[in-house]
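Just to be clear, the model below is a prediction. Sequence and coordinates:
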Amino acid sequence: MNGTEGLNLSFEKLMVFGGAENMSQRGVRITEWKDIPVELLLRILSLVDDQTVVVASGVCHGWRDAISWGLARLSLSWCKKNLNNLVLSVAPKFTKLHVLILRQDTPQLQDEAVEKIAAYCHDLRELDLSKSFRLTDRSLYALAHGCTELVKLNISGCSAFSDSALGYLTGFCPKLKFLNLCGCVKAATDRALKAIGFNCHQMQSLNLGWCDRVGDEGVKSLAYGCPDLRALDLCGCVLITDEGVVALANNCLHLKSLGLYYCQNITDRAIYSLAQRRVKHKHEQVWASMKTRYEEEGLTNLNISQCTALTPPAVQALCDSFPALHTCPGRHSLIISGCLNLTSVHCACAVQAHRATHALAH
C-alpha cells in the first residue's frame, strides 16, 4: 500500500466511525481531503505508517505546518534508497520531533543530512543513527550545537567517529542517559569515557560492546562520574581487569545489567566485589524510608561467558547475593557459556527445585 492509499483508507475509516458526524455537529462539512481540520488530520496520521506521514506533509502548506507542530516521532528506516535526500527534504518540515529513527541496513546517510537535522530539529530527545558508516566527526559536532536536549543516542557501528568528537558532543549534551557505542572502536576510548563521566552524570545505560580500546581508566571514570548507571555492556573489552569492575561495584549501586563477555582478565576479586556490593547497599539503605523494587533486586543480568579465570565459589557467592540471577533453563540471566569449570554453579531456583524433589522422595 502506498502513502496515498493509506491516507484514503484512514480517511474512510474515520468517516465511517464517527469522524464526519462529530465534525458536522460543529458546523464543519467534510467531503474531501481539503476540508479536514487540523485535529482530525492528526488523528488520521496517528493511524498510518511513517511513510504515509511523509507523503501527507507534501500535500499542501497547511498540512505541512499542521504535521510540523503535531508530529513528535518519526522513523525513516523504511527508506531503502535515497534516505540522505529524504532527510534533507523532511528535516526542515518536522521541527518539533522528539524521536527520529534513521537505522539503516545499507549505509546511506552522509554528514550533510545530520547537519540539516541539527539545524532544524532542536527538540530531539532520541536519535538513532546506527550503522551509518559514512558519517564523520562533522555529524557529532553538528549535533553538539543543534541537539543539546538529547537523552538517547544510538551511533552503534559508526566506526569513523573519533573520541575527540564524542567527547566534544558530551560537553553540549549533559542530559544523555542512554548511549549506544557498540562497535565504535575509534570513538570509545578511555579519553571519551572520561568526558562522559565528567559531563553526563545522568547516564543510565551505556553499550561499549567490542570497543577494544576501552580500559580500566575509562571504566573508573564512568563509575565515579555516573553513579546512576544501570546497564553497562563491556563485552569484548579485552583490556578490562578487576580494577574497573571493583570501581563499578563500589560506586554504581544501581547497576542492574553488566556484560563482561570475553573479558578474560577478570578474576574472582571482581566477582566477590560485586557480591559484596549487595551487603554494602543494604547498609546504606538503613536510613531510607523505603526501597524501590529495583534497588532490592540488584543485579538481574550478568554475562561472564569466556571469563575462564573465574571459579565456582566466587560465582556461586554472586548468585546467592542476587536471587534474580538465573542459570535455570528459560531464564538465563547469568550467562556462563564457555566456562566449563562453572557448571556446578546454580541459581536459587535450581536449589529450591532440588530441595522439593528431595522432600518428595522422602
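Alright, I've got the coordinates.

moving C-terminal of the lowest-mean-pLDDT helix or strand in the chain, what's the next helix or strand?
For the chain, using mean pLDDT, DSSP states H and E, the weakest element among its helices and strands is helix 293-297, scoring a mean of 49. Toward the C-terminus, helix 293-297 is succeeded by strand 301-303 as the next helix or strand (DSSP states H and E).

Buried ones in the helix or strand just after that following strand, by neighbour count?
Remark: after strand 301-303, the chain's next helix or strand is helix 312-321, criterion DSSP H and E. Residues of helix 312-321 classed as buried by neighbour count (16 or more other Cβ atoms under 10 Å): 312, 314-321. All C-beta spots, glycine's among them, are computed from the backbone N, C-alpha and C.

same thing with stretch 128-140?
So stretch 128-140, judged by 16+ other Cβ under 10 Å, has buried residues 128-132, 134-135, 137, 139-140.

Nearest residue to the residue positioned nearest the centre of the chain in space, please, no chain neighbours.
For the chain, residue 178 is the residue whose C-alpha lies nearest the centre (Cα atoms, centre = their mean; 5.0 Å). Of all residues not flanking residue 178 in the chain, residue 152 sits nearest, at 4.0 Å (Cβ to Cβ, 6 or more residues apart in numbering).

Now do the phi/psi pair for that neighbour.
As for residue 152, its main-chain torsions (degrees, to the nearest 10) stand at phi -130, psi 130.

OK, contacts around it?
125-127, 176-179 (Cβ atoms under 8 Å, 6 or more residues apart in numbering).

Give me the distance between it and residue 104.
According to Cβ to Cβ, to the nearest Å, residue 152 and residue 104 sit 18 Å apart.

With residue 220 instead?
Distance of residue 220 to residue 104, given as Cβ to Cβ: 35 Å.

What of residue 140?
Residue 140 is 17 Å from residue 104, where distance means Cβ to Cβ.

what do you get for residue 128?
Separation of residue 128 from residue 104 (Cβ to Cβ): 10 Å.

and if you look at residue 260?
Applying Cβ to Cβ, the value for residue 260 to residue 104 is 30 Å.

for residue 169, same thing?
In this view, residue 169 and residue 104 are 20 Å apart by Cβ to Cβ.

related to what we said a few turns ago, show me the contacts for the residue nearest to the centre of the chain.
Taking Cβ under 8 Å, 6+ apart as the contact definition, residue 178 lies against 151-153, 204-206.

quick one on the thing from earlier: where neighbours are concerned, which of the contacts of residue 152 has the most?
Most neighbours among those, by other Cβ atoms under 10 Å: residue 179, with 26 neighbours.

Secondary structure class of residue 266, three-state.
coil (DSSP: H, G, I helix; E, B strand; the rest coil).

what about the strands in the stretch 101-250 of the chain?
For the stretch 101-250 of the chain, strands defined by DSSP state E, counting those that start in this stretch occupy the ranges 126-128, 152-154, 178-180, 205-207, 231-233.

So for residue 335, which of the ones you listed sits nearest?
Between residue 335 and those, the tightest spacing by Cβ to Cβ is seen for strand 231-233, at 12.2 Å.

counting contacts, what elements does the closest one pack onto?
In this structure, strand 231-233 packs against strand 205-207, strand 257-259, with contacts taken as 3 or more Cβ pairs under 8 Å, 6 or more residues apart in numbering; DSSP states H and E.

How far does it sit from its chain's centre?
Relative to its chain's centre, strand 231-233 lies at 10 Å (Cα atoms, centre = their mean, to the nearest Å).

Direction included, what does it pair up with?
Strand 231-233 has the following sheet partners, assigned by DSSP bridges: strand 205-207 (parallel), strand 257-259 (parallel).

out of these, nearest to residue 49?
The closest of the strands paired with strand 231-233 to residue 49 is strand 205-207. By Cβ to Cβ, the value is 28.0 Å.

Buried residues, that closest one. List them.
Neighbour counts over strand 205-207 (16+ other Cβ under 10 Å) mark 205-207 as buried.

What mean pLDDT does that strand get?
Confidence for strand 205-207, expressed as mean pLDDT, is 98.

Show residues contacting that strand.
If you take Cβ under 8 Å, 6+ apart as the criterion, strand 205-207 is touched by 156, 177-182, 196, 222, 226, 229-233.

rerun that using 7 Å as the cut-off
156, 177-182, 222, 229-233 (Cβ atoms under 7 Å, 6 or more residues apart in numbering).

quick one: residue 314 from residue 171, how far?
39 Å.

How far off centre is the strand or helix carrying residue 65?
Here residue 65 sits within helix 61-70, counting by DSSP H and E. Helix 61-70 sits 29 Å away from the centroid of its parent chain (Cα atoms, centre = their mean).

average pLDDT for that helix?
In this model, helix 61-70 has an average pLDDT of 82.

Provide the contact partners of that helix at residue level.
Helix 61-70 has contacts (Cβ under 7 Å, 6+ apart) with 38, 41-42, 45, 53, 56-57, 93-96.

Make CSV out of the buried residues of helix 312-321 and add distance to residue 253 and pLDDT.
Output for the buried residues of helix 312-321, formatted as CSV (distance: Cβ to Cβ, whole Å; pLDDT from 0 to 100):
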residue, distance to residue 253, pLDDT
312, 26, 97
314, 20, 98
315, 21, 97
316, 22, 97
317, 18, 97
318, 15, 97
319, 19, 95
320, 19, 94
321, 13, 95
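
Closest one to residue 165 out of these, please.
Using Cβ to Cβ, residue 318 comes nearest to residue 165 of these, at 37.6 Å.

could you measure the closest one against residue 246, distance?
Taken as Cβ to Cβ, the span from residue 318 to residue 246 is 14 Å.
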